[in-house]
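S.K.: I'd like to go over a predicted model; first the sequence, then the structure.
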Amino acid sequence: MADWYSGAMDVGELRRPLLAAVASALGLGCGPSVPSDTASTSTDGGGTNAADDTGGNSGTTVARPNDDDGGEAGWDDGPTATPFDVPAGDGDDDGILLDVSLEPPNCPPQPVRVPPMSCPAMLSEGESMTFYCLNPNGAGECLEALDVLPVLEAFSVCLPQQDCGTQFVRAECGPLDGFEGSCCYWAVTESSICPGRPFLVEGRERLAVVAERSDWQRGSGATLRAPAALRAALANAWTEHASFEHASVASFSRFTMHLLACGAPAELVRDAARAMAEEIEHAELFFGFASDYAGRPRGPGPLPVDGALDDSGFESVVLAAVREGCIAETVSAWHVRVAASHAADERLAAALERVAEQEMDHAILAWRFLAWAMERATPALRVQVAQLLSEPHLHAPRGAQTPAAVDEGVLLAHGILSPERHAAETERALLELVVPTAALFGPRFDPACATIPA
């Protein structure tokens, strides 16, 4: 466990150990190094500290976490204890698949026949047209596409569960004729990134279906109470987060294989394997929250992994680590930290603080790998990495979908960020965590600094 973590942490206190650990990893390699054996920084948590403005220049000093045992800064090679209490279970699991949105508006099976696209639309970059059907409303009626808010609510519940990489933007036209009993639309969607470390195959995120099972739950001791009208929304939000963490297990499993394929140092492989085990804990914890709110067990079903190792070249591995680890996981760690600071139940807050600590360790692991990889990168790869980090907002994770009618303060009390709060904290994390950490690499992104791996 990283000993720098504190429940009173603000974004400045999160930034300093992140920069210190990455600066330490950058101590060797092509280009000016950032000394990591002395410390002199501002500690106000808000202003610029010495590490914030280094840009990789030599002669700049940054603070380091305690390292009395001679280990690497910012992490501990020893076993990580878990404070999560595991409830006794009967081990009975029938693996029954269920629809995570059994509450209205209940997402129906999709038609086998998809009609020709008959709805011209102006699309922005990253947007596409998606054909999707919903159930009629309580009056047995199909809403017009122009009824933006009700249709948005329905799509927001249904679409993200089908593919984390697809997020509803607007219903362009519909309901269409010829689909009796269903309300079918052509909708504009855009790709998005899941919280945590996403599991991406061929450019698309993958999630497991949700199943009724109790063997993917880990107790926190929290007392999760909410009015009946809110329990479905909270159960669905925590089910989404649990599914994201479950997908992160696959992502770290693949990352461990990629590290071996790249000939990475043993310490990186060891820490990747430990991160995978911690993601299992996070998924169990969040499925436990979802089950408590839902009043019935929820867990993951099968996760499709076909094609996951098809692209294991050095360049692809590095670029994936930048998108999924350096950017997405760094931002997600801050999201969880914010959620922990507002959770009303003390045990819920403590559990989320623990998750935030581990997620930041996972983000640091990605940055450490990037530091190692940049010493072996070709000029073209250096340019690609610099481009990704110059537009980090394109790879920032989205949050769980929540009904617009639920008050932001209520969601925060239960550990969930509203879409508006999520967007604000994403911007803050990008500006105060991702951008300054990327700046530490400085000349290592210069193609002239490239070396060819042995």
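M.R.: Received it, and whenever you're ready, just let me know what you need. Numbers count the residues shown, from 1 in each chain.
S.K.: Any buried residues in stretch 371-386, and which?
M.R.: Going by neighbour count (16 or more other CB atoms under 10 Å), the buried part of stretch 371-386 is 371-377, 381-382, 384-386. Backbone N, C-alpha and C define where each C-beta goes, glycine included.
S.K.: Quick one: mean pLDDT for the lengthiest helix in the chain?
M.R.: Ranked by number of residues, the top helix in the chain under DSSP state H is helix 228-262. Model confidence over helix 228-262, given as mean pLDDT, is 91.
S.K.: Show me the buried residues of stretch 371-386 that map onto strands.
M.R.: Using DSSP state E to define strands, no part of the buried residues of stretch 371-386 is located there.
S.K.: Neighbours of G313, how many?
M.R.: The burial metric for G313, expressed as a neighbour count using other CB atoms under 10 Å, is 11.
S.K.: And it, its phi and psi?
M.R.: The main-chain torsion angles of G313 are listed as degrees, to the nearest 10 and equal phi -70, psi 160.
S.K.: Next one: it from L319, what distance?
M.R.: With distances taken as CB to CB, to the nearest Å, G313 is found 10 Å from L319.
S.K.: Y185 now?
M.R.: 35 Å.
S.K.: One more: A277?
M.R.: As judged by CB to CB, A277 and L319 stand 25 Å apart.
S.K.: what does A21 give?
M.R.: From A21 to L319 the distance is 21 Å (CB to CB).
S.K.: which one of those two has more residues nearby?
M.R.: When A21 and L319 are compared on other CB under 10 Å, the one with more neighbours turns out to be A21, at 29 against 18.
S.K.: surely that one meets I364?
M.R.: Yes - A21 is in contact with I364 according to CB atoms under 8 Å; the separation is 4.8 Å.
S.K.: Quick one: neighbours of S341, just the number.
M.R.: One way to gauge burial is a neighbour count; for S341, by other CB under 10 Å, it gives 16.
S.K.: who touches the helix or strand hosting it?
M.R.: Assigned by DSSP states H and E, S341 belongs to helix 330-342. Contacts of helix 330-342 with the rest of the structure, by CB atoms under 8 Å, 6 or more residues apart in numbering, involve 7, 9, 11, 14, 18, 195-197, 349-350, 352-353, 355-356, 359-360, 362-363, 366-367, 396-397, 399, 412-413, 415-417, 421-422, 425-426, 428-430, 433-434, 437.
S.K.: From those, which land in strands?
M.R.: The subset of those located in strands under the criterion DSSP E is empty.
S.K.: Counting only helices, which of these make the cut?
M.R.: Going by DSSP H, the helices hold 11, 14, 18, 349-350, 352-353, 355-356, 359-360, 362-363, 366-367, 412-413, 421-422, 425-426, 428-429, 437 from the contacts of helix 330-342.
S.K.: Just the buried ones among the residues you listed, please.
M.R.: Neighbour-count burial (16+ other CB under 10 Å) applied to the ones in helices among the contacts of helix 330-342 gives 11, 14, 18, 349-350, 352-353, 355-356, 359-360, 362-363, 366-367, 412, 421-422, 425-426, 429, 437.
S.K.: just checking, next helix/strand downstream of the lowest-mean-pLDDT helix or strand in the chain?
M.R.: Comparing helices and strands within the chain by mean pLDDT, DSSP states H and E singles out strand 96-97 as the least confident, with a mean of 35. Heading C-terminal from strand 96-97, the first helix or strand you meet, by DSSP H and E, is strand 127-134.
S.K.: thought H282 was touching F252?
M.R.: No - taking CB under 8 Å as the contact criterion, H282 and F252 are not neighbours in contact, 11.0 Å apart.
S.K.: joint contacts of these two?
M.R.: By CB under 8 Å, 6+ apart, no residue touches both H282 and F252.
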